[in-house]
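Visitor: Sequence and predicted structure below; questions after.
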Amino acid sequence: MKWVEKYSPKSLGDVLGNAKIKAEIEVWANKWSKGEPQKPLLLMGPPGVGKTTIAHLIGKEYFSETIEVNASDKRSYDIIKRTIGEASKTRSLFHEGYKLIIMDEVDGINGRDDSGGVRAINETIKNAKQPLIMMANDPYSKRLTSIKTKCQAIKFTKVHSNTINAQLKRICDSEGISYDPEALKMLSKQSNGDLRSAITSLEAIVDNDKNITMDSISVVSQKDGEQNIFDTVRTVLKSKNPEHVIEAMRVDAQPSLLIEFIAENIPKEYERTDEIAKAYEMIALADLNLGRAFRTQNYVYWKYAFLFMGRGVAASKKQTYKKFARYSGSSIFSKMSKSRKRKNLVELVTEKMGKRLHTSPKELEKHIPFYEILFEDNERAYDFKEYFKLDDEEIKLFRSRKIPASVEKKRIKELQKQQELEEKEIQKEKEQLLKNQSNSKKSTDKKQSKKLMEENSEIKDVSNTINSELTSSKTKKDKKSIKTKNKSEDSAKIIDKSEESVKSAPKESENKGNDKKESKTKKYKQTTLFDF
Amino acid sequence: MNIPWVEKYRPQTLDDVVGQDQIVSRLKRYVEENSMPNIMFTGSAGVGKTTCALALAKALLGEYWQQNFLELNASDARGIDTVRNEIKSFCKLKAVGAPFRIIFLDEVDNMTKDAQQALRREMEMYTKTSSFILSCNYSSKIIDPIQSRCAIFRFAPIKAFEIINRLKYIAEQEGIEADQTALENIVYFTQGDMRRSINILQASTTDDNKITEETVYEVISRAKPKDVRKIINKALDKDFLGARDLLRDILIVEGISGDDLITQLYQEVSEMSREGLIDEENFVKLMEYMSECDYRIREGANPRLQLEALISKFLLVK
């Protein structure tokens, strides 16, 4: 019998780690057994922390029967409906109480082969009269989003390495194995919070003499994970043996991450400037090939990328260094998170500006220093703010001071005046038009309607500049009325009407805005003349 | 009302477009013929691509140009969904009040491969109802099938005297006294980029409506990354870690783009060679690396890693 099974907990009390979560699940099970239906449980967390173990123990201790569907079964719509759907609707024949349904690895439901799987689960959740526990590794999986909201989601954390260490000791003791405590500690650490893999590794390294030493640890490779990247980096920078480098480069890591880690530590290991320059040349070449692979979607280039960042960098040194260099993760990540807040603001603002300026946000980012200067003047800052439709928070990108309220008030007044003047001019133009209209009264019907259309479009132009959104629908209505009333006398009324609609637009916005000041600025926003 | 001069003085007709004479005369032919093929504008920033596109659309579509014109730039979502839905439904409809409809896509080089593939089909499917104007900085980043469906116009940087004349015109309109040398300094710095030139012009204008060499200098020096010379000096002093850290600060924290920074490095190294700080042999060697680095960045490599590699070459200067 494998140790993983042999030493798996026999009751909920034996389960290690995640104590709080255990209690939460027991509360859930207790309510079910009292006959109070609960939302399904969704257990999420890395492998080997006890999700499946706990689910089965719950089934054993609180329910009459357990039905399990896991990734080894095909999980299409039909199959899920048949096995779980039916079971969830019926009560057990031979036992009293509920049947517990366990669905493992729901995030692994394959989009194509398990067609409709997620839909089936959703329907099951809706109709289920039975307790249901689902498990998933990746809490951010897209497949989970629709399920998550309907479940009580519980996140498992990694098991602490001390807890793992203690359990490994217990197993060694009961198996009669002599061990080097340091070796066990190392093994616990290497497992990276995965109790199952720690026990599996332990079983694998025990030799015939029932002995565990530091040497035996080196036999099992640790689980792939972030720590492993540093081993790769160490080999690339320390070794001159191509075979070792090739072996080390087999790490399971994104090449774009690996290249950062190697590049980061080149100047920490290599001392001669020509070595650093040569090694970095290799990094640049590797990056070039990664870019090509990405752009052409042709991953044959990856092999060159790996070759340059691995063997290329390794071969760049004249001799190997026998020193202890402290390697580190790339500083770009901490720098990036620092600049993220600003970046978000830049994105938000340049996007708004881009709409106005017909310019891409990326290009506008280069112009920020100029706008910083242009925003120094209070009045211009206010005008630009309105022009780009920025809010107070957003103009902080350009100036730290707020625009004084007095300047805002003054500016609003000035612009209103200006706007009134312009409105008067428009009024004059319309009157002029009306005169022309009455002069040409005796023209044919066709001509009249054509003229009407023209005028209408002029009215539309005027109203467009004042308020494009609100009035456009209204002028359309007016167009209709033109068609029904063909006589030219009506044209005056029509113009009046559209004028009304123009005037009513700001009024409407006033009604909408609760805040008086807000409505004022709104009114101004809608009526300024920005034509481009 | 203050509005950015770049927008206030954007030429509205093809006749007003500054520079690009040959391209403009070709575009005018399209207006005369009242039809146009699919077009691609390529060229660096601020040379008139968008202006030409807007002016051409207005000339071809006439009074109802806004209803028959769709502009999507990089700030709009332009994934495959947009191409399949929004653009498609716009293309399908017959133009009203205009001979056809025009779709203007800015920065096509930043669209995903998938979106470009979807676009390629639509460009040929709706030739009867719609024409496309695409614009990009580097045509090398655009899939071949799209390039082969377009008439490609390469925009050169605008000539210095043309920019100066335009700046003078704007200054006149705004009632500003502008020094000739001040304008020359602007143009020297912006290298044929009209948008940048006009922005600097507006930023250097003092409250009493004057532009002098000093005000221009102040604006330009604020737009320059300050630490470029420091990076070079640290690398020349063999402090690679220090140089690299500064470089990362400029690129990541300050958000300066890779191709901007390499231009700065180029200018700074040229300046140092003029000052006799770098001898001729080393200067040529550095430029050799720099040209390669520049090309790779434009080709789509990771600018930061390439620039770090470039900086490491400064360690070799004796």
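Guide: Looks like it came in fine. Numbers count the residues shown, from 1 in each chain, chains lettered A, B, ... in the order given.

Visitor: got the contact list for B:Lys19?
Guide: To be clear, residue B:19 is Gly; Lys isn't right here. Going by Cβ atoms under 8 Å, 6 or more residues apart in numbering or on different chains, B:Gly19 touches B:47-48, B:156, B:158-159, B:162. The way it works is simple: take the backbone N, C-alpha and C, and place the C-beta from them, glycine included.

Visitor: Remind me what the longest helix seen in chain A packs against, helices and strands.
Guide: Longest helix of chain A, by residue count under DSSP state H: helix A:405-439. Packing partners of helix A:405-439 (3 or more Cβ pairs under 8 Å, 6 or more residues apart in numbering or on different chains; DSSP states H and E): helix A:378-388, helix A:445-466, helix A:490-512, helix A:516-527.

Visitor: number of nearby residues for the nearest residue in space to A:Ser11 that is not next to it in sequence?
Guide: Once flanking residues are discounted, A:Ser11 sits nearest to A:Leu57: 6.5 Å by Cβ to Cβ, 6 or more residues apart in numbering or on different chains. Residues contacting A:Leu57 under the criterion other Cβ atoms under 10 Å in any protein chain shown number 24.

Visitor: Distance-wise, check A:Leu57 relative to A:Ile133.
Guide: Using Cβ to Cβ, to the nearest Å, A:Leu57 is found at 11 Å from A:Ile133.

Visitor: Kindly report the same for B:Leu70.
Guide: Here B:Leu70 is placed at a distance of 51 Å from A:Ile133 (Cβ to Cβ).

Visitor: for stretch B:56-76, the distance to its chain's centre please.
Guide: On the basis of Cα atoms, centre = their mean, to the nearest Å, stretch B:56-76 sits 20 Å off its chain's mean C-alpha point.

Visitor: Could you list the buried residues of that stretch?
Guide: The neighbour-count criterion (16 or more other Cβ atoms under 10 Å in any protein chain shown) identifies B:56-61, B:65, B:68-75 as the buried residues of stretch B:56-76.

Visitor: Mind checking which of those residues land in strands?
Guide: B:69-72 (DSSP state E).

Visitor: hmm, back to that, just send the contacts of B:Gly19 back as a markdown table, with distance to A:Gly312 too.
Guide: Converted to a markdown table, the contacts of B:Gly19 look like this (distance: Cβ to Cβ, whole Å):
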| residue | distance to A:Gly312 |
| --- | --- |
| B:Val47 | 39 |
| B:Gly48 | 43 |
| B:Ala156 | 39 |
| B:Ile158 | 43 |
| B:Lys159 | 44 |
| B:Glu162 | 47 |
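
Visitor: wait, what's in contact with the residue nearest to A:Glu203 when sequence neighbours are not counted?
Guide: Leaving aside its chain neighbours, A:Glu203 sits nearest to A:Trp3 (4.6 Å; criterion: Cβ to Cβ, 6+ apart). By Cβ under 8 Å, 6+ apart, the contact list for A:Trp3 reads A:171, A:175, A:199-200, A:202-203.

Visitor: filter the contacts of B:Gly19 to the buried ones?
Guide: The buried subset of these (16+ other Cβ under 10 Å) comprises B:47-48, B:158, B:162.

Visitor: Which segments of chain B make up each domain?
Guide: Structural domains annotated on chain B: B:5-154, B:160-223, B:228-316, as defined by automatic domain parsing.

Visitor: Quick one: end-to-end distance for the longest one.
Guide: I take that to be domain B:5-154. This stretch, domain B:5-154, spans 25 Å end to end (Cα to Cα, to the nearest Å).

Visitor: Could you do the second one as well?
Guide: When the termini of domain B:160-223 are compared using Cα to Cα, they are 20 Å apart.

Visitor: who in the stretch 201-350 of chain A is up against chain B?
Guide: Proximity of the stretch 201-350 of chain A to chain B, by Cβ under 8 Å from any Cβ of the partner chain, involves residues A:259, A:263, A:267-268, A:273-274, A:276-277, A:279-281, A:283-284, A:287-288, A:290-291, A:294-295, A:297, A:331-332, A:335-336, A:338-339, A:342-343, A:346, A:350.

Visitor: Which among the residues you listed count as buried?
Guide: Buried, going by 16+ other Cβ under 10 Å: A:259, A:263, A:267, A:273, A:276-277, A:279-281, A:283-284, A:287-288, A:290-291, A:294-295, A:331-332, A:335, A:339, A:346, A:350, out of these.

Visitor: what is the rounded mean pLDDT of the one helix or strand A:Ile102 maps to?
Guide: Per DSSP states H and E, A:Ile102 falls inside strand A:99-103. For strand A:99-103, mean pLDDT is 83.

Visitor: Name every strand pairing with that strand and say which way it goes.
Guide: Paired with strand A:99-103 in the same sheet, following DSSP bridges, are strand A:65-69 (parallel), strand A:132-136 (parallel).

Visitor: Highest mean neighbour count across these, which stretch is it?
Guide: strand A:132-136 (a mean of 25; mean count of other Cβ atoms under 10 Å in any protein chain shown).

Visitor: Distance from the chain centre to that one, please.
Guide: Taking Cα atoms, centre = their mean, one finds the center of strand A:132-136 at 23 Å from the center of the full chain.

Visitor: how many neighbours does the nearest residue to A:Lys81 once chain neighbours are set aside have?
Guide: Closest residue to A:Lys81 in three dimensions, ignoring its sequence neighbours and counting by Cβ to Cβ, 6+ apart: A:Ala120, at 5.3 Å. A total of 23 residues lie near A:Ala120 under the criterion other Cβ under 10 Å.

Visitor: For A:Ala120, pull up the helix or strand it's in.
Guide: Judged by DSSP H and E, A:Ala120 forms part of helix A:117-127.

Visitor: re the thing from before, closest one to A:Lys362 among the domains of chain B?
Guide: Of all the domains of chain B, domain B:5-154 sits nearest to A:Lys362, with 6.4 Å by Cβ to Cβ.

Visitor: which residue is nearest the centroid of chain A?
Guide: A:Tyr140 (8.9 Å; Cα atoms, centre = their mean).

Visitor: Let me know the distance separating that one from A:Leu257.
Guide: With distances taken as Cβ to Cβ, A:Tyr140 is found 18 Å from A:Leu257.

Visitor: what's the answer for A:Phe294, then?
Guide: Distance from A:Phe294 to A:Leu257, by Cβ to Cβ: 14 Å.

Visitor: can you check B:Leu93 too?
Guide: Distance of B:Leu93 to A:Leu257, computed by Cβ to Cβ: 47 Å.

Visitor: How about B:Phe41?
Guide: 37 Å.

Visitor: And for the residue nearest to the spatial centre of chain B, nearest residue in space, chain neighbours not counted?
Guide: Centroid check for chain B by Cα atoms, centre = their mean gives B:Ala45 as the closest residue, at 1.0 Å. Spatially, and ignoring its direct neighbours in sequence, B:Ala45 is nearest to A:Glu363 (5.1 Å; Cβ to Cβ, 6+ apart).

Visitor: Is that neighbour in contact with B:Lys49, as I believe?
Guide: No: using Cβ atoms under 8 Å, A:Glu363 is not in contact with B:Lys49, being 10.9 Å away.
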